[in-house]
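Peer 1: Give the three-dimensional model of this entry:
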Amino acid sequence: MAAIVRIDAVPRILEVICRTTGMGFAAVARVTEDRWVACAVRDEIDFGLQPGGELKVETTICNEIRASGEAVVIDYVADDAIFRGHPTPALYGFESYISVPIRVRGEFFGTLCAIDPRPARLKDSQARAMFDLFAELIASQLDAERRLAQSEAALLDQREAAELREQFIAVLGHDLRNPLASIDAAGRLLRKTPLDSRAQSLVSAMQGSVQRMAGLIDNVLDLARGRLGGGFVAERRPEPELARTLEQVVAELRLAHPERRIEADIRLDRTVNADGRRLAQLLSNLIANAITHGHEAAPIRVQALVAGEALEVSVANNGDPIPEAARNQLFQPFTRAIYRPNQQGLGLGLWIASEIARAHAGTLEVTSDAAETRFTLRMPLEPVAAVAESAV
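Peer 2: Numbers count the residues shown, from 1 in each chain. Here you go, the predicted structure:
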């Protein structure tokens with residue numbers, strides 16, 4: 001495995017550790033029989049170690065943790081019956097220390113550790129539980145990276161690159177579930193811990209990242225299911241509360257984007273036979289698209305109504321018109337770069353929305369000019385088979 005861990009959450013994890021425990025140095029270390037290598041570092045005490053830097057492994061307590069497999073927690077070296085005469089604290093000038101093993105698929109990888117030249121209350125706090133949780137998160141991500149690297153190597157040996165890319169996406173989505181759950185659990189644990197304002201903002205940022213990552217994972221898994229599993233399947237049933245479900249989507253996006261004005265006119269005077277969860281996903285994707293591409297000063301207009309024997313749901317925004325060439329490929333995955341090369345994301349939202357429409361025997365259409373861009377779903381109130389049977 002690489003000496004430097006490339007996990008986006010690690011810098012925040014190390015900062016949260018320092019803020020929560022009051023310790024000035026935290027690191028993720030790769031520890032083997034003959035090497036101690038810093039993979040990621042947060043240094044607020046000028047310890048002098050950078051990512052990729054090394055210590056003599058035999059001079060570290062981490063080496064003893066590698067041998068024993070057990071965590072070490074020291075509140076105050078001078079009062080610790082086991083470590084007060086140990087050479088390592090004197091060598092590196094610390095009084096408090098905590099280090100827990102990181103195991104990847106049961107194999108020892110290294111440690112998540114922190115030190116400080118001052119004593120700290122660690123044994124009687126939630127620090128150990130937090131370290132164990134973060135170590136599990138890092139181990140899950142390292143395992144995911146290893147498996148993804150293996151998948152990438154396999155891709156190079158295959159002829160059907162597009163099909164294997166979709167398989168790779170499926171592995172990516174599934175493997176991110178466990179570390180994402182660990183981040184979420186860490187955030188909930190930290191919410192119960194007294195934190196200063198800086199640490200609170202970091203926890204809020206972590207939880208916001210969890211929500212965005214969860215959305216990306218859902219999208220890539222939907223892509224994998226749609227391409228590898230034969231397409232989307234809508235579990236249609238009578239949805240008497242569909243209007244409330246759609247209103248909830250609007251309310252959640254208003255809360256997430258208080259700076260944007262979202263106007264909604266949702267009037268469903270008949271029960272729709274549909275997959276309510278999927279239609280909520282479709283509406284969420286369309287509103288998110290409007291938030292991303294619409295003019296910030298103009299409102300986003302959401303409408304849902306029954307027209308004859310069909311349900312119509314539309315989302316409109318003011319903004320630059322979508323070029324006709326781009327409209328022809330708008331509902332294909334990974335085509336965002338065609339007309340919005342600087343936007344972040346995978347470009348899956350509109351494709352997923354169109355697949356949800358298709359699964360309901362409906363259509364998703366777009367009109368776009370200088371006045372407005374509008375996406376409109378039209379679908380029958382009843383499944384096609386049910387309509388045919390009632391006509392017999």
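Peer 1: C-alpha from now on. contacts and neighbour counts both.
Peer 2: Fine.
Peer 1: Strands of this protein, residue ranges please.
Peer 2: With DSSP state E, the ranges of strands along the chain come out as 25-31, 36-43, 54-55, 72-74, 96-104, 107-116, 237-239, 262-267, 272-274, 300-307, 310-317, 363-368, 373-380.
Peer 1: which of these is buried the deepest?
Peer 2: For the strands of the chain, the stretch with the most neighbours on average is strand 25-31, a mean of 26; neighbours defined as mean count of other CA atoms under 10 Å.
Peer 1: From the contact counts, what lies against it?
Peer 2: Counting contacts by 3 or more CA pairs under 8 Å, 6 or more residues apart in numbering; DSSP states H and E, the secondary-structure elements packed against strand 25-31 are helix 10-21, strand 36-43, helix 61-68, strand 107-116.
Peer 1: List of residues touching it?
Peer 2: Residues from elsewhere that reach strand 25-31 (CA atoms under 8 Å, 6 or more residues apart in numbering): 3, 14-15, 17-18, 36-45, 47, 57, 62-63, 66, 109-116.
Peer 1: Give the pairing partners of it; include direction for each.
Peer 2: The strands beside strand 25-31 in its sheet (DSSP bridges) come out as strand 36-43 (antiparallel), strand 107-116 (antiparallel).
Peer 1: which residues does residue 298 contact?
Peer 2: Contact analysis of residue 298 by CA under 8 Å, 6+ apart lists 261, 317-318.
Peer 1: swap the cut-off to 7 Å and go again
Peer 2: residue 318 (CA atoms under 7 Å, 6 or more residues apart in numbering).
Peer 1: How about residue 210?
Peer 2: Applying CA under 7 Å, 6+ apart to residue 210 gives the contacts 180, 184.
Peer 1: What separation do you get for it and residue 134?
Peer 2: As defined by CA to CA, to the nearest Å, residue 210 lies at a distance of 15 Å from residue 134.
Peer 1: same deal with residue 305?
Peer 2: Residue 305 is 48 Å from residue 134, by CA to CA.
Peer 1: out of the helices and strands packed on strand 25-31, nearest to residue 265?
Peer 2: Closest of those to residue 265 is helix 10-21, at 41.3 Å (criterion: CA to CA).
Peer 1: Off-centre distance for stretch 100-110?
Peer 2: With CA atoms, centre = their mean, to the nearest Å as the basis, the distance from the averaged C-alpha position of stretch 100-110 to the chain average is 23 Å.
Peer 1: Other residues contacting it?
Peer 2: Taking CA under 7 Å, 6+ apart as the criterion, the residues outside stretch 100-110 that touch it are 29-31, 65-66, 69-72, 111-113, 131-132, 135-136, 139-140, 143.
Peer 1: what about it, how long is it end to end?
Peer 2: As for stretch 100-110, its first-to-last residue distance stands at 9 Å under the measure CA to CA.
Peer 1: Domain boundaries for this protein, per the record?
Peer 2: Domains of the chain are assigned by automatic domain parsing as 10-227, 237-391.
Peer 1: show me what contacts the closest residue to residue 37 other than its chain neighbours?
Peer 2: Excluding its sequence neighbours, the residue lying closest to residue 37 (CA to CA, 6 or more residues apart in numbering) is residue 54, at 4.5 Å. With contacts taken as CA under 7 Å, 6+ apart, residue 54 has the following neighbours: 36-38.
Peer 1: if we can go back for a sec, with distance to residue 89 added, can I get the strands paired with strand 25-31 in CSV?
Peer 2: Formatted as CSV, the entries for the strands paired with strand 25-31 read as follows, by distance: least, CA to CA, whole Å:
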stretch, distance to residue 89
strand 36-43, 16
strand 107-116, 9
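Peer 1: ranges for the helices of the stretch 51-200 of the chain?
Peer 2: Using DSSP state H, counting those that start in this stretch, the helices of the stretch 51-200 of the chain run over 61-68, 87-92, 127-156, 161-191, 197-228.
Peer 1: Show me what counts as buried in the second one.
Peer 2: When you say that, I think you mean helix 87-92. Neighbour-count burial for helix 87-92, with 16 or more other CA atoms under 10 Å as criterion, is recorded at residue 89.
Peer 1: what does it contact?
Peer 2: Counting by CA under 7 Å, 6+ apart, the neighbours of helix 87-92 from elsewhere in the structure are 59-61, 95.
Peer 1: Could you do stretch 266-274 as well?
Peer 2: So stretch 266-274 is in contact with 236-240, 243, 303-306, 381-382, going by CA under 7 Å, 6+ apart.
Peer 1: Check stretch 362-369 too.
Peer 2: Where contact means CA under 7 Å, 6+ apart, the residues beyond stretch 362-369 that reach it are 321-322, 354, 357, 373-380.
Peer 1: Burial check on residue 250, number of neighbours?
Peer 2: Residue 250: 20 surrounding residues under other CA atoms under 10 Å.
Peer 1: From residue 210, how far out is it?
Peer 2: To residue 210, residue 250 is 20 Å away according to CA to CA.
Peer 1: same question, residue 196
Peer 2: Distance from residue 196 to residue 210, by CA to CA: 21 Å.
Peer 1: same question, residue 101
Peer 2: Taken as CA to CA, the spacing of residue 101 relative to residue 210 amounts to 25 Å.
Peer 1: circling back: okay, the domains of the chain in JSON lines with mean pLDDT next?
Peer 2: What follows is these, written out as JSON lines (pLDDT from 0 to 100):
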{"stretch": "domain 10-227", "mean pLDDT": "85"}
{"stretch": "domain 237-391", "mean pLDDT": "86"}
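Peer 1: I'd like the strands of the chain as CSV, with distance to residue 187 appended.
Peer 2: Below are those laid out as CSV (distance: least, CA to CA, whole Å):
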stretch, distance to residue 187
strand 25-31, 18
strand 36-43, 19
strand 54-55, 31
strand 72-74, 22
strand 96-104, 19
strand 107-116, 18
strand 237-239, 35
strand 262-267, 30
strand 272-274, 35
strand 300-307, 32
strand 310-317, 34
strand 363-368, 38
strand 373-380, 37
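Peer 1: Now residue 354: closest residue in space, sequence neighbours ignored.
Peer 2: Using CA to CA, 6+ apart and skipping the chain neighbours, the partner closest in space to residue 354 is residue 364 (5.6 Å).
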